[in-house]
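Participant: fold the following.
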Amino acid sequence: MQFRQQALAKLQSTEELDLPVRFARPQGWLALSVSVVVMAAASVWAVTGSVASTVTAQAILTHGQGSYILQSPVAGQVTAVLAEQGERLPANSPVLKVRTSQGDSVVRTVAAGRISALAATIGQIIQTGANVAAVEKIAHTSDPLYATVYVPAENASAIPADARVDLTVSSVSTQEYGVLRGRVKSVDRSAQSAQSIAAFLGDSQLGDQFTRKGRPVAVLVRLEGSKKTKSGYKWSSADGPPFALDSMTLASGSIRLADQHPVDWLLP
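Facilitator: Okay, the predicted model is just below:
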C-alpha cells in the first residue's frame with residue numbers, strides 16, 4: 001500500500017514536466033535503421049531474386065541413336081566369328097557363322113554400327129534368341145557423341161530446355177582437366193525400366209545399374225564442341241584431356257534446374 005501511494009504521488013508531481021523525454025539512444029536509432037534496410041533488401045530479393053539448384057545423376061557417353069543387342073535367329077554351334085570388337089560395319093554385315101541341323105547360317109547386323117561387345121566364341125553352342133553381340137548405332141566416324149543422364153523421375157519437370165550440364169567423365173582426371181560442358185537437348189518424360197535402358201545401351205548390366213534407386217528419366221545432353229581441344233569438345237579447362245573420348249564411357253552429370261524465386265519456398 002505504501003509503494004502504491006508513492007507511485008501516485010510521483011505521477012501527480014509537476015516538478016519534472018518541463019524536462020525532455022528521451023525515447024531512444026543514438027545507438028538504438030542506428031540499429032533500427034540497419035534492421036529496416038536489411039529487411040527491405042530481403043523483401044526485394046524474395047520477390048525479384050532467384051535460387052539456382054542442380055541435380056546430379058549417373059550418365060554415359062554414347063552416340064545419339066544408342067545401341068542394340070544382336071540376337072541369333074537360329075540355334076547351333078558357332079563355327080566362325082566374322083567380325084571384331086570395335087569394328088564398324090554397315091547393315092546386314094556378317095558377324096557369326098552358326099552350324100545348324102539344316103546347314104550353316106550367318107548372323108548379320110540389323111543396322112549399321114560399331115561392334116561394342118562380342119558375346120559368342122568359336123565352338124560355343126547357342127540357342128535361338130541368344131545375345132551374341134552389342135552394336136552401337138553409328139554410320140560415320142564424324143558422328144558426334146552425346147551424354148545420356150539418368151535423372152530421378154521427380155526432377156524431370158524442373159529441367160528446362162537447353163539447361164547447362166557439367167559432366168565428370170570417369171576416364172578423365174577432373175583435377176587436371178576439369179569437367180565436360182554440355183546442354184540439355186531433350187528430356188524423355190517417361191520413366192525408364194532396366195529393360196529399356198539395356199535395349200538402348202546394348203548392356204543389361206548397365207540397365208540394372210542405372211535403375212538401382214528406381215526408374216529414372218533419360219536426359220539427352222548435347223556436348224558443346226570446341227576446335228581448340230584434342231577431344232573436340234568444350235571443357236572447363238582450356239585444353240581438356242590430350243586424347244579423344246570413347247563412347248560407352250561412364251560419367252556423372254550435374255544439371256542446372258530451373259531457377260526458383262525465394263518467395264516460393266520461404267512462404268508456407
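
Participant: how about G182, phi and psi?
Facilitator: phi -160, psi 170 (degrees, to the nearest 10).

Participant: run a quick neighbour tally on it.
Facilitator: Number of residues near G182 (other CB atoms under 10 Å) recorded here: 26. Just so you know, the C-beta spots here come from the backbone N, C-alpha and C atoms, and that holds for glycine as well.

Participant: show me what contacts it?
Facilitator: Contact analysis of G182 by CB atoms under 8 Å, 6 or more residues apart in numbering lists 147, 164-167, 221-224, 253.

Participant: rebuild those residues as a markdown table, extending it with neighbour count, secondary structure and distance to T174.
Facilitator: As requested, the contacts of G182 are exported to a markdown table (neighbours: other CB atoms under 10 Å; DSSP: H, G, I helix; E, B strand; the rest coil; distance: CB to CB, whole Å):
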| residue | neighbour count | secondary structure | distance to T174 |
| --- | --- | --- | --- |
| A147 | 23 | strand | 15 |
| R164 | 16 | strand | 17 |
| V165 | 26 | strand | 15 |
| D166 | 19 | strand | 10 |
| L167 | 23 | strand | 10 |
| V221 | 26 | strand | 17 |
| R222 | 17 | strand | 21 |
| L223 | 22 | strand | 16 |
| E224 | 14 | coil | 17 |
| G253 | 27 | strand | 13 |
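
Participant: measure T109 to G64 for me?
Facilitator: Applying CB to CB, to the nearest Å, the value for T109 to G64 is 18 Å.

Participant: so those two - more neighbours on which side?
Facilitator: For T109 versus G64, neighbours defined as other CB under 10 Å are more numerous around T109 (19 against 14).

Participant: buried ones in stretch 75-94, by neighbour count?
Facilitator: Going by neighbour count (16 or more other CB atoms under 10 Å), the buried part of stretch 75-94 is 76, 78, 81, 83, 88-89, 93.

Participant: pLDDT weak spots in the stretch 1-150 of the chain?
Facilitator: Within the stretch 1-150 of the chain, the segments meeting pLDDT under 70 span 1-34, 36-38, 40-52.

Participant: using PDB, write out the CA atom coordinates for stretch 190-206.
Facilitator: Taking C-alpha atoms only, stretch 190-206 is exported to PDB below (Å, rounded to 0.1, in the frame of the first residue of the first chain):
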ATOM      1  CA  SER A 190       8.600 -41.400 -69.300                       C
ATOM      2  CA  ALA A 191      10.400 -43.400 -66.600                       C
ATOM      3  CA  GLN A 192      13.000 -45.900 -67.900                       C
ATOM      4  CA  SER A 193      13.000 -49.500 -67.000                       C
ATOM      5  CA  ALA A 194      16.100 -51.700 -66.700                       C
ATOM      6  CA  GLN A 195      15.000 -53.500 -69.900                       C
ATOM      7  CA  SER A 196      14.500 -50.300 -71.900                       C
ATOM      8  CA  ILE A 197      17.900 -48.900 -70.800                       C
ATOM      9  CA  ALA A 198      19.600 -52.200 -71.600                       C
ATOM     10  CA  ALA A 199      18.000 -52.200 -75.100                       C
ATOM     11  CA  PHE A 200      19.200 -48.600 -75.800                       C
ATOM     12  CA  LEU A 201      22.700 -49.200 -74.500                       C
ATOM     13  CA  GLY A 202      23.100 -52.800 -75.500                       C
ATOM     14  CA  ASP A 203      24.100 -53.800 -72.000                       C
ATOM     15  CA  SER A 204      21.800 -55.500 -69.400                       C
ATOM     16  CA  GLN A 205      24.300 -54.700 -66.500                       C
ATOM     17  CA  LEU A 206      24.000 -51.000 -67.200                       C
END
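
Participant: the helices in the stretch 101-250 of the chain, which residues?
Facilitator: Listed in chain order, the helices of the stretch 101-250 of the chain (DSSP state H, counting those that start in this stretch) span 174-177, 194-201, 204-210.
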